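Undergrad: structural data only, the sequence is not supplied:
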């Protein structure tokens, strides 16, 4: 006799059971989860989350000059690009069916000041890049950061007085910056500053000035993270930043607070919301998506990218597989899309059937 579902049955020329069955009464070895994993075609059929190029937003860094591709040492494979090279990368994104690029400037130190006035220059790097991309490729989405840290001499996202961030005065500048970017042709304004009330103020100004179709992707749950270091190298603020950003970016220990932050931004008119950083905050991403059901994005930030690249360069991990696994994790946690420096590489892999 053998035990199946705890009931005695008669053996009828059955093949021998594995030894485990004898030591685990009640184990039903007719249920084998491995069957659906036996081959690639079968795994594809039952896959719960699928990554596509539609899920990717590609961050690009802009620098002055012509035909410039300046490596960012802390981000292997990432460059500061002159406007003409940004256009070429936009063309590559189009061919790879990446729907959107995100633009971040490296501002020459001579143009940085206490108030970040270069942010309001209608001929700054971001505005020139938007115009150049839209002229050649009007159908690609362009996302622009609304924040002052690439432009301030102190490296903060807002105005400072006696070491204190001035919330409302900063919001007034962010509103003007956003309108200028919209007038240049930007499709999505993404305020990353974490000032209170900025989403509502930007929405009102965009609508008032005829830019009702310009979307807002709020950096709604942005944490004061140690993972931003390489990004600050890329935009040139790492050497200028005085102090830290913990008085306006979120405490990494908090989750419930993220729900309040996102809720406020949604109420103020955000069309999409973002959680930043990515992998260390997948729990936050899941909570946000489940709570609001909004288009929700994650930013796989520079430190996450740099760690994967460094480990792959040392032969400690398989870089391609880690890239895919990390991006799939965002989808699994509820993200509708991911800002990632791997966007082009991932799209190439998907295009090749990988």
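TA: Ah, there it is. Since we're looking at a predicted model, the values are computed, not measured.

Undergrad: what's opposite residue 216 in the beta bridge?
TA: On the basis of DSSP bridges, residue 216 takes part in beta bridges with residue 189.

Undergrad: how close does it get to residue 188?
TA: 7 Å (C-beta to C-beta, to the nearest Å). Every C-beta, even on glycine, is put in place using the N, C-alpha and C of the backbone.

Undergrad: shared neighbours, the two?
TA: Overlap of the contact sets of residue 216 and residue 188 (by C-beta atoms under 8 Å, 6 or more residues apart in numbering) consists of residue 272.

Undergrad: those two: which has the busier surroundings?
TA: The residue with more neighbours, out of residue 216 and residue 188, is residue 216; 23 against 19, by other C-beta atoms under 10 Å.

Undergrad: the more buried one touches residue 270, doesn't it?
TA: Yes - judged on C-beta atoms under 8 Å, residue 216 makes contact with residue 270 at a distance of 5.1 Å.

Undergrad: stretch 31-51: which residues count as buried?
TA: residue 51 (16 or more other C-beta atoms under 10 Å).

Undergrad: gap between it and the chain center?
TA: Centre-to-centre, stretch 31-51 and its host chain are 28 Å apart (C-alpha atoms, centre = their mean, to the nearest Å).

Undergrad: now stretch 330-348
TA: Centroid displacement of stretch 330-348 relative to its chain, using C-alpha atoms, centre = their mean, is 8 Å.

Undergrad: now that stretch: average pLDDT?
TA: For stretch 330-348, mean pLDDT is 98.

Undergrad: ok, stretch 189-204 next?
TA: Rounded mean pLDDT across stretch 189-204 is 98.

Undergrad: report the buried residues of it.
TA: For stretch 189-204, by 16+ other C-beta under 10 Å, it's 189-195, 198-203.

Undergrad: just to revisit the earlier point, got any residues that touch both of residue 216 and residue 270?
TA: By C-beta under 8 Å, 6+ apart, the residues touching both residue 216 and residue 270 are 199, 203.

Undergrad: for residue 148, which three-state class applies?
TA: Following DSSP: H, G, I helix; E, B strand; the rest coil, residue 148 is assigned to coil.

Undergrad: begin at 347, not 1, for the rest of this chat.
TA: New numbering, starting at 347: the last item is residue 494.

Undergrad: apart from its chain neighbours, what residue comes closest to it?
TA: Counting by C-beta to C-beta, 6 or more residues apart in numbering, residue 494 lies nearest to residue 462, which is 3.6 Å off, once chain neighbours are set aside.

Undergrad: what is the burial count for the one you found?
TA: Neighbourhood size, residue 462 [other C-beta under 10 Å]: 26.

Undergrad: also the one 5 residues further on?
TA: Other residues lying near residue 467 total 16 when counted by other C-beta under 10 Å.

Undergrad: check residue 436 too.
TA: 23.

Undergrad: which secondary structure state does it sit in?
TA: Assignment for residue 436 (three-state DSSP): helix.

Undergrad: alright, calling it a day.
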